[in-house]
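**Q** Turn this into a model:
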Amino acid sequence: MMHELAHRTFLVTGAAQGLGRAIATELASRGATLVLVDRSQAVTEAARALSREGVRALALTGDIGEEDDVRGFVAAAEREFGRLDGIVNNAGTDVTKPLSELDIAEFDRVLRTNLRGPFLLAKAALPLLARDGGDIVNITSTAARRAWPNASAYHASKWGLLGFSHALHAELRSRNVRVTAVIAGGMRTPFLLDRFPELDPSKLQDPADVARAVALALMQPRGSTIAEIVVVPPAETSWP
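**A** Take a look at the predicted model:
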């Protein structure tokens, strides 16, 4: 096991499966302590699997769009581990519908998870992150740079998250908090494959590869910041 992230604690949202679980696994392999957050109770098994490998991991369930839940996540991290060195805003959702069929409630739900959640978590975690120098990693998407039909809510949320990331990069560097936006292309995860079974998995990337990019950003010396990184499979049709 590598130990580049030993003695550092990271909170990862959407950690029960897919990219979130891959990120947790990658950070754990480098010695990190983890707080795993998800709406699904499956996050408990994700934490148990890491614990069986000797990793310190805490599982928490709740809604990242709910302010009280988010405050509770941060408080639990401090109570359990005494610190919080970084957050990875990975949780995401989507509604694939044309504008004429997209309900206002569906639009609001996508923005609640994909944009409001990262805002609430960054705000709640900032005092701990600024204590010794911390990191915020926001998982955005090629949907933050390109557009396609029937995904207006998702595009709005991911373009917003990219802008939010760069705004925080400018604002928080004086607090010694680094902010990285990860623009991720299509991955072999349930997020895509469960909804679009016609996709060819061979043209999608392994989420573990994106997870390594997240770790790279977190392992940079404090004198450097990876403000934005693009990780796409070679066959990504939405890039460029």
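**Q** all helices of this structure, in order?
**A** If DSSP state H is used as the criterion, the helices of the chain fall at 18-29, 42-51, 67-81, 104-111, 117-132, 152-172, 190-193, 207-219.
**Q** Could you measure from the residue located most distally from the centre of the chain over to S152?
**A** Within the chain, S100 marks the point farthest from the mean C-alpha position, 30.0 Å out by CA atoms, centre = their mean. Applying CB to CB, to the nearest Å, one obtains 11 Å for the distance of S100 from S152. From N, CA and C alone the C-beta is placed, and that goes for glycine too.
**Q** can you check A57 too?
**A** Relative to S152, and taking CB to CB, A57 is found at 37 Å.
**Q** Settle it for me: which of those two has more neighbours?
**A** Set side by side, A57 and S152 give different neighbour counts by other CB atoms under 10 Å, the larger being at A57 (23 against 17).
**Q** got a list of what the more buried one touches?
**A** When the contact criterion is CB atoms under 8 Å, 6 or more residues apart in numbering, the partners of A57 are 24, 28, 33-36, 46-48, 50-51.
**Q** again, 10 Å this time
**A** 12, 15, 24, 28, 32-36, 43, 46-51 (CB atoms under 10 Å, 6 or more residues apart in numbering).
**Q** In this protein, which residue is most central in space?
**A** The C-alpha lying nearest the average C-alpha coordinate of the chain belongs to N90 (CA atoms, centre = their mean; 1.9 Å).
**Q** Verify the stated contact: it with G18.
**A** Yes - judged on CB atoms under 10 Å, N90 makes contact with G18 at a distance of 8.5 Å.
**Q** What pLDDT is listed against the residue farthest from the centre of the chain?
**A** If you check S100, the pLDDT there is 98.
**Q** Name the nearest residue to T93, ignoring sequence neighbours.
**A** Here the nearest residue to T93 in space, its sequence neighbours aside, is T113; by CB to CB, 6 or more residues apart in numbering that works out to 4.6 Å.
**Q** Report pLDDT for the one you found.
**A** As summarised for this prediction, T113 has a pLDDT of 98.
**Q** quick one, what contacts it?
**A** Each residue near T113 by CB under 10 Å, 6+ apart is listed here: 13-14, 39, 63-65, 91-94, 157.
**Q** Since that was my last question, I'll sign off now.
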